[in-house]
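Chemist: Okay, here's the prediction I keep looking at, along with the sequence it came from:
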Amino acid sequence: MRQTVTCTVNGKTLTLDVDVRASLLEMLRAEGLTGTKQGCGVGECGACTVLVDDMPVDSCLYLSVWADGRAVRTVEGELRPDGGLSPVQQAYVDAGAVQCGFCTPGLIMSSTAFVERHAGKRVSREDIRRGHAGNLCRCTGYGAIVDAVERCLKTKPE
Ligand code: FES
Ligand code: FES
């Protein structure tokens with residue numbers, strides 16, 4: 001069975017005819033938005049994290065039809081209009097928080113939501129770790145990722 005889904009993806013309105021069994025991850029990647037990765041495919045690793053109405057979701061578990069009427073953000077949409085990196089993306093680079101990079105798009109989206117929710121608030125490194133508990137990284141040991149988020153929270157938001 002198929003259904004029409006209308007949603008915004010990175011600010012652009014899309015109307016798509018989707019298989020009702022398709023995940024949001026499958027829908028996004030079929031639209032060429034391959035920045036969002038499939039790791040485990042069962043909600044364990046967070047590589048597929050995107051924001052739906054500014055909340056992080058595992059897009060491998062989130063049906064594409066649930067996105068109807070909602071605003072979806074992926075890592076591609078975080079680039080500035082001039083093609084520059086977002087503050088979170090730049091902080092990852094500056095902190096050396098990227099190694100193989102497979103987890104990075106999902107982590108960037110979790111960090112973006114975390115920074116947006118906690119701007120101007122006092123947060124501990126433990127809070128940052130807990131805020132990224134749904135994202136696994138097998139390379140970095142997480143320290144540099146926490147450093148990157150700390151840098152963003154200390155920087156005045158744009
Ligand atoms: S691919 Fe979705 S949580 Fe691992
Ligand atoms: S940088 Fe390799 S899994 Fe995170």
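Modeler: That came in fine, so what should we check first? Ligands and ions are numbered 1, 2, ... in the order given.

Chemist: Can you report how many residues lie near the residue nearest to Gly106 when sequence neighbours are not counted?
Modeler: Excluding its sequence neighbours, the residue lying closest to Gly106 (Cβ to Cβ, 6 or more residues apart in numbering) is Thr49, at 3.7 Å. Glycine gets a C-beta too; all of them are placed from N, C-alpha and C. By other Cβ atoms under 10 Å, the residues close to Thr49 number 29.

Chemist: Angles on the backbone of Thr49, please.
Modeler: For Thr49, the backbone dihedrals are phi -60, psi 130 (criterion: degrees, to the nearest 10).

Chemist: Would you check that it makes contact with Ala133?
Modeler: No: contact between Thr49 and Ala133 fails when scored by Cβ atoms under 8 Å: they sit 11.8 Å apart.

Chemist: which residues touch the residue nearest to Gly106?
Modeler: Counting by Cβ atoms under 8 Å, 6 or more residues apart in numbering, Thr49 touches Thr36, Pro56, Val57, Asp58, Ser59, Pro105, Gly106, Leu107, Met109, Ser110, Gly134, Asn135.

Chemist: Can I get the buried ones among those as something I can paste into PyMOL?
Modeler: Burial among these is assessed by 16 or more other Cβ atoms under 10 Å; the matching PyMOL selection reads:
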select buried, resi 36+56+57+58+59+105+106+107+109+110+134+135
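
Chemist: residues in contact with the residue most central in space within the chain?
Modeler: The C-alpha lying nearest the average C-alpha coordinate of the chain belongs to Met109 (Cα atoms, centre = their mean; 2.4 Å). By Cβ under 8 Å, 6+ apart, Met109 lies in contact with Thr49, Val50, Leu51, Pro56, Arg73, Thr74, Val75, Glu78.

Chemist: now the contacts of Thr49 in JSON lines, with pLDDT?
Modeler: Formatted as JSON lines, the contacts of Thr49 follow (pLDDT from 0 to 100):
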{"residue": "Thr36", "pLDDT": "98"}
{"residue": "Pro56", "pLDDT": "98"}
{"residue": "Val57", "pLDDT": "98"}
{"residue": "Asp58", "pLDDT": "98"}
{"residue": "Ser59", "pLDDT": "98"}
{"residue": "Pro105", "pLDDT": "98"}
{"residue": "Gly106", "pLDDT": "98"}
{"residue": "Leu107", "pLDDT": "98"}
{"residue": "Met109", "pLDDT": "98"}
{"residue": "Ser110", "pLDDT": "98"}
{"residue": "Gly134", "pLDDT": "97"}
{"residue": "Asn135", "pLDDT": "98"}
